[in-house]
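*Asks:* Next come a sequence and a model predicted from it.
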Amino acid sequence: MKKIALEKGILLFEKVFFFICVMHYSAAIVPLLITGGASEGDNIPMTSFNWTPSSSLYLLTYIIAFLLLTFRWKKVLSSMRVRDFLLPLLVLFAPLTTLWSLTPGETFSSAVALIGTTVLGFYFASRFTVREQLRLLGWSFVLILILSFSFIVLMPQYGIEHGVHAGAFRGVFTHKNTFGKFLVLTVILFLTLVLVEKPKNIAVFRFGLLMSFIFLPLSRSSSSLLNACFLAVLAFLLYRILHFKVKVLIPSVILIILSIWAFSFISQGIAETFAGFFGKDLTLTGRTEIWGAVIEKIQERPLQGYGFSSFWAQSPSNILRTFGWMPPNAHNGFLDLALDLGVTGLLLYCLISLRILVKSFFLSRRIYIDSVSFWPFIFFLFTLLTNLTESGLFGRNSIYPLLFISLYFSFFYFPKGPALTSQ
């Protein structure tokens with residue numbers, strides 16, 4: 001009896017730990033509280049805030065994940081079946097770039113954080129099935145949306161932007177665009193659960209989907225609203241075409257990928273119209289100018305890059321000399337990864353993504369489509385769409401690479417173990 005009670009207690013702790021990780025890696029609540037609800041236009045540099053609580057919480061998640069893995073190391077090793085080494089190679093390449101980094105200290109600390117994020121993703125894959133991960137994500141996202149509603153209604157000085165974007169909803173996030181991108185992720189997850197998985201508590205996830213679509217226009221993140229609607233349509237199409245025969249399926253998937261590429265640029269024009277309506281200045285021209293300059297810099301160090309998290313951390317005078325102003329990133333996740341780890345790192349990432357998609361394809365060839373085979377496809381489309389005009393493809397301390405890492409280990413390290421076993 002004591003052993004059963006202990007196991008139930010540990011399981012409850014692990015589910016709470018999962019929620020805390022999802023919340024913090026989504027950049028919810030803690031950064032907002034640290035900044036005191038500061039908004040763009042307040043002329044308060046982000047470096048002026050004390051980020052120690054946030055960094056300490058990230059470090060704590062690494063330690064807890066490592067301890068939980070150590071606690072059941074025999075079960076982990078007995079169920080682990082190593083089928084691939086590409087992601088470990090990519091992760092280990094990051095600290096190696098310290099040798100030629102523009103900012104060695106920043107590269108080393110960021111690489112350590114990436115390793116910690118990888119350990120956390122490995123723990124999730126070793127502990128929860130893909131279905132369990134998706135359902136826990138669903139519950140976590142619903143709770144974050146409820147918290148966002150609470151902040152907007154009860155603490156509008158935190159939940160609603162002032163300054164440049166006055167009136168835009170941001171919930172428990174520091175910026176409306178961060179909230180918007182998170183909402184796009186919630187949409188594709190809830191659609192996966194509602195459309196494909198159909199769990200017992202499906203009403204909860206339908207409620208979450210409804211909340212997401214209500215918040216999207218109120219966040220005034222026009223690109224996120226367009227992305228969410230586009231991906232929702234693609235989700236329904238994808239669910240249908242995955243049943244097609246191979247000779248029809250492959251051209252259909254290629255057509256979808258090409259449509260995403262086209263939509264990412266067409267939507268910028270639509271987003272500019274929305275932006276003008278809300279009194280903002282948002283042009284694709286500025287992004288393309290950055291991309292041209294970034295590509296030139298990549299060509300100077302094509303294979304090895306400038307060091308993980310190094311290029312944009314270098315001296316501001318160097319960035320000003322290159323771009324004429326201070327962009328925070330390349331506004332393209334693929335270009336940023338090439339800046340960090342060179343074409344070598346970018347190629348490794350693309351190969352890993354391809355491996356996951358091929359695995360999902362073979363899983364989808366079964367009698368029915370389930371969340372295990374559907375989620376990787378829709379998550380890949382989300383990643384592709386958002387990273388064509390934004391950054392955040394691969395890195396540390398973020399929910400997006402964390403989900404990518406966890407999915408990889410679920411498929412290639414626990415293919416017959418707990419990660420892919422039905423509940």
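*Replies:* Here it is on my side, so go on. Residues are numbered from 1 along each chain as shown.
*Asks:* Residue 297 contacts residue 311, doesn't it?
*Replies:* Yes - counting by CB atoms under 8 Å, residue 297 does reach residue 311; the two are 7.3 Å apart. Heads up, the C-betas are built off the backbone N, CA and C, glycines and all.
*Asks:* Can you pick out the residue with more neighbours from those two?
*Replies:* Taking neighbours as other CB atoms under 10 Å, residue 297 and residue 311 compare with residue 311 leading, 25 against 17.
*Asks:* and that one, what is it in contact with?
*Replies:* Going by CB atoms under 8 Å, 6 or more residues apart in numbering, residue 311 touches 102, 297, 305, 336, 339-340.
*Asks:* Run through the residues that contact residue 96.
*Replies:* Listed by CB under 8 Å, 6+ apart, the contact set of residue 96 is empty.
*Asks:* Buried residues in the helix or strand where it lies, which are they?
*Replies:* Element membership for residue 96 (DSSP states H and E) is helix 86-96. The neighbour-count check on helix 86-96 (16 or more other CB atoms under 10 Å) flags 86-87, 90-91, 93-95 as buried.
*Asks:* returning to that earlier point: any common contacting residues for residue 297 and residue 311?
*Replies:* Common contact partners of residue 297 and residue 311 (CB under 8 Å, 6+ apart): residue 339.
*Asks:* Endpoints of stretch 184-199, how far apart?
*Replies:* 21 Å (CA to CA, to the nearest Å).
*Asks:* Give me the mean pLDDT for that stretch.
*Replies:* If you average the pLDDT over stretch 184-199, you get 89.
*Asks:* buried stuff in that stretch?
*Replies:* 184-197, 199.
*Asks:* now stretch 353-366
*Replies:* Those would be 353, 355-356, 359-361, 363-364, for stretch 353-366 by 16+ other CB under 10 Å.
*Asks:* Give me the distance from stretch 214-225 to the chain's centre.
*Replies:* In terms of CA atoms, centre = their mean, to the nearest Å, the centre of stretch 214-225 is set 18 Å apart from its chain centre.
*Asks:* How many neighbouring residues does residue 307 have?
*Replies:* 29.
*Asks:* Check which helix or strand it maps to.
*Replies:* For residue 307, there is no helix or strand it lies in under DSSP H and E.
*Asks:* That one touches residue 95, doesn't it?
*Replies:* No - with contact defined as CB under 8 Å, residue 307 does not count as touching residue 95 (10.0 Å).
*Asks:* which neighbours do those two share?
*Replies:* residue 107.
*Asks:* need the helices for the stretch 151-300 of the chain, in chain order.
*Replies:* Counting by DSSP state H, counting those that start in this stretch, the segments of the stretch 151-300 of the chain that form helices are 156-159, 176-191, 202-218, 222-241, 246-277, 284-300.
*Asks:* how about low-confidence regions in the stretch 1-150 of the chain?
*Replies:* For the stretch 1-150 of the chain, applying pLDDT under 70 flags the ranges 1.
*Asks:* next one: the stretch 151-300 of the chain
*Replies:* 243-250, 253, 261-286.
*Asks:* and the residue nearest to residue 236 when sequence neighbours are not counted, what does it touch?
*Replies:* Nearest-residue entry for residue 236: residue 195, 7.3 Å, with adjacent residues in sequence omitted and distances by CB to CB, 6 or more residues apart in numbering. Residues near residue 195 by CB under 8 Å, 6+ apart: 235-236, 239.
*Asks:* for residue 400, same thing?
*Replies:* Neighbour list for residue 400: 185, 383, 392-393 [criterion: CB under 8 Å, 6+ apart].
*Asks:* Check pLDDT for the residues you listed and point me to the minimum.
*Replies:* Lowest pLDDT among the contacts of residue 400: residue 392, 88.
*Asks:* where's residue 373, which helix or strand?
*Replies:* Assigned by DSSP H and E, residue 373 belongs to helix 371-387.
*Asks:* and the angle from that helix to helix 222-241?
*Replies:* 150 degrees (axes from the mean of the first three to the mean of the last three CA atoms, to 10 degrees).
*Asks:* Next SSE downstream of helix 371-387?
*Replies:* Helix 371-387 is succeeded, C-terminally, by helix 399-412 (DSSP H and E).
*Asks:* where's that following helix relative to the chain centroid, distance-wise?
*Replies:* Centre-to-centre, helix 399-412 and its host chain are 10 Å apart (CA atoms, centre = their mean).
*Asks:* thinking again about what came up before, give me the buried entries from the contacts of residue 400.
*Replies:* So, of those, 185, 383, 392-393 end up buried under the neighbour-count rule (16+ other CB under 10 Å).
*Asks:* In a markdown table, list those along with distance to residue 56.
*Replies:* Listed next are the buried ones among the contacts of residue 400 as a markdown table, based on distance: CB to CB, whole Å:
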| residue | distance to residue 56 |
| --- | --- |
| 185 | 25 |
| 383 | 29 |
| 392 | 23 |
| 393 | 26 |
